[in-house]
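Asks: Could you work out the structure for the sequence below:
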Amino acid sequence: MLTNFHTHTRRCLHAFGTEEDYVQEAVIKGVKKLGFSDHGPFPDHDFGLRMPFAELNDYLKEIERLKVVYQGKIQLYKGLEIEYHPRYREYYRQLLTEFGLDYLALGEHQFTAKDGTVKNIFFAQSTEDYLEYADAVCEGMRTGYFQFVAHPDLMFLNNLAPDENTLLACERILDCAAETHTVLEYNANGFRRERKCYPEGLRYPYPYAPFWEMVRERKLPVIVGADCHSPQQVCDFTFLDAISRAQETGLYLVNDIFEMTNRD
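Replies: Residues are numbered from 1 along each chain as shown. The predicted structure follows:
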């Protein structure tokens, strides 16, 4: 059964298409469950490349409308991909209760470092930043607010040579995922990026093969996410290829972040 729980819309300011555009494409391609997870806004700060807070209610109302219109054709879910910052713990709770979201995906693009500064994992200065990134991801998982971790291996888009910190960061994330029973996402969007020369050779920024070999060894549950930024990417060749790659790796794949059913 085809499912996708990582979907962005034009509201995040770097994707294309309305919510209904994605639903229509998903129905055509035979996707049975579609979760919307646009980049979540914060009420008092704009971290950039995300939906304005003023649009959040309209976003949720539109998904509710589409649930009625497309009832019987596809199951739709209201979610957000959002970073974890300790000072917003109450806000995450409100999103899942007062705002009525079905789920939150932990997408740690930027994170609160130990010294209180906000760092962006896209611009890691050294593998020491990998450790702080891993600790932030783990802290988010332990809150219980996040249904899955989006692209947990995002740090490997940096052009830094693997070392002891690299291994330790991976182990911390995987240990915590096992401890908290949090699903990890094998992200198809990494394959949409160009392969580049890294210290260990030519590869995609992510998914990072050594990380997922460790996931396979631990038999942790994995969901494949399209991370679509246009309707055509809901179920394109790259997404289907990512599913095949994950299967070939021997990952324990699930196709539902709620029911944890095996992917056919």
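
Asks: Going by C-alpha atoms from here, please, whenever you check contacts or count neighbours.
Replies: Noted.

Asks: just so I have it, where are all the strands in the chain?
Replies: All strands of the chain, identified by DSSP state E, fall at 3-4, 33-39, 75-82, 103-106, 110-112, 118-120, 148-149, 183-187, 196-198, 201-203, 221-225, 252-253.

Asks: for those strands, which one sits closest to residue 239?
Replies: For those, distance to residue 239 was read as CA to CA. The smallest value, 7.5 Å, belongs to strand 221-225.

Asks: Pull up the pairing partners for the closest one, direction included.
Replies: Next to strand 221-225 in the sheet, as set by DSSP bridges, lie strand 183-187 (parallel), strand 252-253 (parallel).

Asks: low pLDDT regions in the stretch 151-264 of the chain?
Replies: Low-confidence segments of the stretch 151-264 of the chain, defined by pLDDT under 70, span residues 264.

Asks: just to revisit the earlier point, mind putting the strands of the chain into JSON lines with mean neighbour count?
Replies: Listed next are the strands of the chain as JSON lines, based on neighbours: other CA atoms under 10 Å:
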{"stretch": "strand 3-4", "mean neighbour count": "26"}
{"stretch": "strand 33-39", "mean neighbour count": "24"}
{"stretch": "strand 75-82", "mean neighbour count": "24"}
{"stretch": "strand 103-106", "mean neighbour count": "25"}
{"stretch": "strand 110-112", "mean neighbour count": "21"}
{"stretch": "strand 118-120", "mean neighbour count": "15"}
{"stretch": "strand 148-149", "mean neighbour count": "27"}
{"stretch": "strand 183-187", "mean neighbour count": "27"}
{"stretch": "strand 196-198", "mean neighbour count": "14"}
{"stretch": "strand 201-203", "mean neighbour count": "12"}
{"stretch": "strand 221-225", "mean neighbour count": "26"}
{"stretch": "strand 252-253", "mean neighbour count": "22"}
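
Asks: Dump those strands to JSON lines, plus distance to residue 158.
Replies: Formatted as JSON lines, those follow (distance: least, CA to CA, whole Å):
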{"stretch": "strand 3-4", "distance to residue 158": "27"}
{"stretch": "strand 33-39", "distance to residue 158": "22"}
{"stretch": "strand 75-82", "distance to residue 158": "21"}
{"stretch": "strand 103-106", "distance to residue 158": "20"}
{"stretch": "strand 110-112", "distance to residue 158": "14"}
{"stretch": "strand 118-120", "distance to residue 158": "11"}
{"stretch": "strand 148-149", "distance to residue 158": "19"}
{"stretch": "strand 183-187", "distance to residue 158": "16"}
{"stretch": "strand 196-198", "distance to residue 158": "8"}
{"stretch": "strand 201-203", "distance to residue 158": "12"}
{"stretch": "strand 221-225", "distance to residue 158": "21"}
{"stretch": "strand 252-253", "distance to residue 158": "27"}
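
Asks: of those strands, which approaches residue 171 most closely?
Replies: For residue 171, the closest of those is strand 183-187, at 13.4 Å, according to CA to CA.

Asks: mind checking the end-to-end distance for stretch 209-229?
Replies: Across stretch 209-229, the terminal residues are separated by 24 Å (CA to CA, to the nearest Å).

Asks: check contacts around the one residue sitting closest to the centre of the chain.
Replies: Centroid-nearest residue in the chain: residue 150, 2.2 Å away (criterion: CA atoms, centre = their mean). Residue 150 makes contact with 81, 105, 106, 107, 108, 184, 185, 186, 187, 225, according to CA atoms under 8 Å, 6 or more residues apart in numbering.
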